[in-house]
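Student: using only what follows, build the 3D model:
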Amino acid sequence: MSESVYPAPSAALSEQRRALAPATEQAFQAFSRQVFADGAIDARTKQLIAVAVAHVTQCPYCIHGHTKSALRHGATREQIMEAIWVAAEMRAGGAFAHATVALAAMQEA
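Tutor: Below is the predicted model:
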């Protein structure tokens, strides 16, 4: 299977999303700008967090966009990869931690 289930981002798709719910689109864009602005956490660090979260949520659009944004905000390739490894450990950690449910079930059997 060579085709992706994810359509390529395009101006036409963005315009369609905007046209179908313009007020919500505008509110989301304003929210996004505010979230990623410098604050108690600088924008570079926020983008590194976003790269990690995007890998946990497995959103290819988010991975692509936030990786590029992290680079634009001064993150190094090494920092981005380290953030991805943190995400991988956290994702794996969920399975590790939830093994206790299986262990408890085995004790009940």
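Student: avg pLDDT for the lengthiest helix in the chain?
Tutor: Of all the segments of type helix in the chain, defined by DSSP state H, the longest one is helix 77-108. The average pLDDT within helix 77-108 is 96.
Student: now for that helix, which elements pack on it?
Tutor: Under the contact criterion of 3 or more CB pairs under 8 Å, 6 or more residues apart in numbering; DSSP states H and E, the helices and strands touching helix 77-108 comprise helix 43-57, helix 60-72. For every residue, glycine as well, the C-beta is placed using N, CA and C.
Student: can you give me the angle it makes with helix 60-72?
Tutor: Between helix 77-108 and helix 60-72, the angle formed by their directions is 140 degrees, by axes from the mean of the first three to the mean of the last three CA atoms, to 10 degrees.
Student: chain center to helix 77-108: distance?
Tutor: How far helix 77-108 lies from its chain's middle: 17 Å, per CA atoms, centre = their mean, to the nearest Å.
Student: deepest-packed of the helices and strands packed on helix 77-108, please.
Tutor: Mean neighbour counts were taken over the helices and strands packed on helix 77-108 using mean count of other CB atoms under 10 Å, and the top value, a mean of 19, falls to helix 43-57.
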